[in-house]
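S.K.: Give me coordinates for this.
(one chain, ligands or ions: 1)
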Amino acid sequence: MKGLNTQSAFQEDIRWLNVKQSAVERLRRDVSKLGFGHLEQAFAPEALEKLRQEAERALPNAKHAEQSEALSYRASIGSCGRQMMTFLSSAEVRTLLSTVFDRPFTLAQEVSCVTFYGSGDHLGPHLDEPANRCVVTILVYLNAESSMPEASDSGLNLRIYGSAFEPGQSATMIIPTRTGTIVLGYGSRYWHERPHLRPGERVIAITGCYASAADNRAQP
Ligand SMILES: [Fe+2]
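M.R.: Now for the predicted structure:
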């Protein structure tokens, strides 16, 4: 995929993505209708492994975060390493974003992170914040492990809701969490949730937040 000719702070010496046009068209339709969509097996050979290895190295320094009031969550959160930032800010990803959302975006590095979920970890229904730095969100599943990923109570599902949320509400879409899948969506406008992971389940996910390119130029 040829990229936008905008500046990147990171060198690119790798091809990251390997996605079919038909999959991108389906993603565009899902995003337009439900606010989120996804691409399965989205990576070029070796690219995913490069990111996964960097994430595994970041795990010892990840901070445990837990809260039970308002937004309920429990997970370990780390900083994106150089490879992750290079990927998130790559021309390939920016081109994918502009293709899906019909306008350009730039990475909001300061609110992007890598999250490690283990048994019992979760992230309750929420909108991504701050909204102007997370106009759209990418979730990259670097690793997803489960003995029963198809189980209805598996944590390897991302539940998508509408632009309003009430407890007990049914999801409008459930996106399976699988290694190599990329999720894109209006994370600050459509509620979404990671249910509790079952015993033995594990997920490593990059969260990339993007601001409108026009807004970003206005930043000091
Ligand atoms: Fe989110």
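S.K.: Just the C-alphas of the helix or strand hosting G208, formatted as CSV.
M.R.: Assigned by DSSP states H and E, G208 belongs to strand 202-212. Included here for strand 202-212 are C-alpha records, laid out as CSV according to Å, rounded to 0.1, in the frame of the first residue of the first chain:
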residue,chain,number,x,y,z
ARG,A,202,-4.0,-13.8,27.6
VAL,A,203,-4.1,-10.9,25.2
ILE,A,204,-1.4,-8.4,24.2
ALA,A,205,-2.8,-5.4,22.3
ILE,A,206,-1.5,-2.1,21.0
THR,A,207,-3.9,0.8,21.3
GLY,A,208,-3.1,3.6,18.9
CYS,A,209,-5.0,6.9,19.2
TYR,A,210,-5.2,9.3,16.3
ALA,A,211,-6.1,13.0,16.0
SER,A,212,-7.4,14.7,13.0
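S.K.: helices or strands up against it?
M.R.: Under the contact definition 3 or more C-beta pairs under 8 Å, 6 or more residues apart in numbering; DSSP states H and E, strand 202-212 sits against helix 47-58, helix 82-88, strand 105-107, strand 113-117, strand 136-145. No exception for glycine: its C-beta is placed from N, CA and C like everyone else's.
S.K.: would you list the ones you listed in JSON lines and tack on mean pLDDT and distance to the ion?
M.R.: Below are these laid out as JSON lines (pLDDT from 0 to 100; distance: least, C-beta to the ion, whole Å):
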{"stretch": "helix 47-58", "mean pLDDT": "96", "distance to the ion": "18"}
{"stretch": "helix 82-88", "mean pLDDT": "96", "distance to the ion": "15"}
{"stretch": "strand 105-107", "mean pLDDT": "96", "distance to the ion": "16"}
{"stretch": "strand 113-117", "mean pLDDT": "97", "distance to the ion": "9"}
{"stretch": "strand 136-145", "mean pLDDT": "98", "distance to the ion": "6"}
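S.K.: Between the ones you listed, which one is closest to R189.
M.R.: Closest to R189 of these is strand 136-145 (C-beta to C-beta; 9.2 Å).
S.K.: and the residue of the chain found nearest the ion, what does it touch?
M.R.: For the chain and the ion, the shortest gap (C-beta to the ion) falls at D128, measuring 4.4 Å. Shown in contact with D128 (C-beta atoms under 8 Å, 6 or more residues apart in numbering): C134, T137, G187, S188, T207, C209.
S.K.: Appreciated, that's everything.
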